[in-house]
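1. Please work out how this folds:
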Amino acid sequence: LRLAREDQEQRNRNLASLRDRLISGVPGRIAGARLTGHPTSRLANLASFRFEGISGESLLLALDQRGFMVSTGSACTSGSLEPSHVLIALGLTPEEARGSLRVSLGKDNTAEQVDCFLDVLTDVVARLRSLQAVG
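-> Residues are numbered from 1 along each chain as shown. The predicted structure follows:
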């Protein structure tokens, strides 16, 4: 506990910097991507987005295949098929809440990993949208 407390401020600054890189990168690269929640009044290691026209579950599976572990909805509803009551309370419709993606960062993540994630996410969203256009 003592060791964790000693590094807490620096770790939170680093995580917030990575989170902010993610928060600015997603909507900057992907049309129809929206940040869920406040841009800065949030935990240093979490970002949540919704993507128009794409299910969070499809994103989750495609990103998992590319080596990224992310979640849909809020942590409160992990494993549930129902839309997150937290996202609904934020004003999202059930459809929007089902299209959400939660990204958690850890102390060992780097800016290069965030950039790689942004590249892969951009590719995955484009691919899923193109599949929907064909279907």
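2. where do the strands sit along this structure?
-> Assigned by DSSP state E, the chain shows strands spanning 33-35, 46-51, 100-104.
3. where does this protein dip in pLDDT?
-> Counting by pLDDT under 70, the ranges of the chain that qualify are 73-81, 134-135.
4. can you map out the helices along it?
-> When secondary structure is read from DSSP state H, the chain shows helices at 2-29, 56-65, 85-89, 94-98, 111-134.
5. Including distance to Asn14, could the strands of the chain go into TSV?
-> Where you see a C-beta, it was placed from the backbone N, CA and C, and this is true even at glycine. Compiled in TSV, the strands of the chain are given as follows (distance: least, Cβ to Cβ, whole Å):
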stretch	distance to Asn14
strand 33-35	20
strand 46-51	14
strand 100-104	14
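6. can you list those strands in CSV and add distance to Leu18 and mean neighbour count?
-> Shown next, in CSV, are those (distance: least, Cβ to Cβ, whole Å; neighbours: other Cβ atoms under 10 Å):
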stretch, distance to Leu18, mean neighbour count
strand 33-35, 15, 17
strand 46-51, 9, 22
strand 100-104, 10, 22
